[in-house]
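Student: Give me coordinates for this.
(one chain, ligands or ions: 2)
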Amino acid sequence: MEKYINKAKVLIEALPYIKEFNGKKVVIKYGGSAMVDDAIKASVIEDIVLMKLVGFQPVIVHGGGKEISDMLTAIGIESRFQNGLRVTDAATVDVVEMVLAGKVNKSIVQLIQNHDINAVGITGKDGKTLKVKKKLVDGEDIGFVGEITKVNTKLIDSLLENDFIPVIAPIGTDEAGNTYNINADYAASAIAGALEAEKLIFLTDVEGVLRDIDDKSSLISKIAMEEVDTLIQEGVISGGMIPKVECCVEGLIHGVRSVHILDGRVLHSMLLEIFTKKGVGTMFCKYFD
Ligand SMILES: Nc1ncnc2c1ncn2[C@@H]1O[C@H](COP(=O)(O)OP(=O)(O)OP(=O)(O)O)[C@@H](O)[C@H]1O
Ligand SMILES: [Mg+2]
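Tutor: Ligands and ions are numbered 1, 2, ... in the order given. As a prediction, the model looks like this:
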């Protein structure tokens, strides 16, 4: 009996959060690095479906770093990164678009639809959702890597109004119509800002931001915006974590109320974060407490 009472308590604990987020937009960036295991992927999708069914408006932006690298290796192209961003020549951007818009995007759409919830997969090309210009990294041209100049929310809004979960691959176009690869973290924070989302969640393949990357117990559970530059300069944050923390700051600046980095490999980490008082992962805040 006690078991059932405890289950009921868990549901009741979720009630204030369900009320708070009813009708609110939540942008979830699902990192490619945490997408490799099918069971984990299915559990992330379950969390998103549940959020939808209790009245949230989830919007998914996905990466696909591992899948892109695997495909590039298979066809004999080497992956190179600068400041955590993929160096993207013309041949690479073709592969990026094929893998992200085709394989990764549609697999997420199908997993959602297996729950009888409708999803629509788009890239930033569709409906001119993501307009970009070439992004320079330390003043250097690293190819077709886009910096977002405009988010046009018309298509996303119309999908949400019609009860679809939008699933967005981070590809954009410049004024001349060239195709660009956009780091999915940047795409997620720009989209969250433009949609005036309530929450922005980065699901990745680590516990959160770690002070020592080799020590899981060194999780930093709360970071104030002003600490971020120092953490990058000291080398505490490196590689793919750099764009992610920059995006957390961007999200806060653009009015997103709460921004988190969570471990996408932990079953139901997102549900724990949203529906309980437990803080998991790293949360970002504007100021020190
Ligand atoms: N201080 C740090 N704490 C945690 N992870 C860190 C830190 N510094 C660097 N990292 C690296 O950042 C990685 C996460 O970024 P990565 O770009 O690889 O994944 P992702 O963004 O989730 O996936 P994708 O790029 O495919 O969307 C971690 O796996 C880790 O190796
Ligand atoms: Mg990344």
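Student: What sits closest to whichever residue of the stretch 151-289 of the chain sits closest to ligand 1 if chain neighbours are left out?
Tutor: Shortest the stretch 151-289 of the chain-to-ligand 1 distance, computed as CB to the nearest ligand atom: residue-wise this is Gly240, at 2.1 Å. (C-beta placed from N, C-alpha, C; glycine too.) If you skip the residues right next to it in sequence, Gly240 has Gly84 as its closest partner in space, 4.7 Å away by CB to CB, 6 or more residues apart in numbering.
Student: how near is the one you found to Asp157?
Tutor: Gly84 sits at a distance of 31 Å from Asp157 (criterion: CB to CB, to the nearest Å).
Student: Mind checking which of the two has more residues around it?
Tutor: The neighbour comparison of Gly84 against Asp157 (other CB atoms under 10 Å) goes to Gly84, with 18 against 15.
Student: measure that one to ligand 1 for me?
Tutor: 6 Å (CB to the nearest ligand atom, to the nearest Å).
Student: can you map out the helices along this protein?
Tutor: Using DSSP state H, the helices of the chain run over residues 2-21, 38-53, 65-74, 90-97, 105-113, 154-161, 184-195, 228-233, 241-253, 269-275.
Student: deepest of these, which one?
Tutor: Per-residue neighbour counts averaged over each of the helices of the chain give the maximum for helix 184-195, namely a mean of 26 (mean count of other CB atoms under 10 Å).
Student: one step back: and the residue nearest to Gly240, what does it touch?
Tutor: Under the criterion of CB atoms under 8 Å, 6 or more residues apart in numbering, the neighbours of Gly84 are 183, 238-243.
Student: One more: Gly143?
Tutor: Gly143 is in contact with 87-90, 92-93, counting by CB under 8 Å, 6+ apart.
Student: which one among these gets closest to ligand 1?
Tutor: Proximity of the contacts of Gly143 to ligand 1 was ranked by CB to the nearest ligand atom; the top entry is Thr88 with 13.1 Å.
Student: Can you tell me, leaving aside adjacent residues, what's nearest to that closest one?
Tutor: In this structure, Thr88 finds its nearest non-sequential neighbour in Gly143, 4.1 Å apart by CB to CB, 6+ apart.
Student: per-residue pLDDT, the one you found?
Tutor: The predicted local distance difference test score for Gly143 is 96.
Student: Same question for Ile253.
Tutor: With respect to pLDDT, Ile253 scores 93.
Student: Next one: it from Asn6, what distance?
Tutor: From Ile253 over to Asn6 the distance is 41 Å, taken as CB to CB.
Student: Repeat that for Lys244.
Tutor: Lys244 is 35 Å from Asn6, by CB to CB.
Student: next one: Gly127
Tutor: When distances are taken as CB to CB, Gly127 and Asn6 turn out to be 46 Å apart.
Student: same thing with Ile77?
Tutor: 53 Å.
Student: and the protein, which residues reach ligand 1?
Tutor: Of all the residues in the chain, those in contact range of ligand 1 (CB under 6 Å from any ligand atom) are 31-34, 63-65, 184-185, 204-206, 209-210, 213, 236-241, 244.
Student: Among the residues you listed, name the buried ones.
Tutor: Among those, those buried by neighbour count (16 or more other CB atoms under 10 Å) are 31-34, 63-65, 184-185, 204-206, 209-210, 236-237, 240-241, 244.
Student: Name the residue of the stretch 51-200 of the chain with the shortest distance to ligand 1.
Tutor: Gly63 (1.9 Å).
Student: pLDDT weak spots in the stretch 1-150 of the chain?
Tutor: Along the stretch 1-150 of the chain, the model assigns pLDDT under 70 to residues 32.
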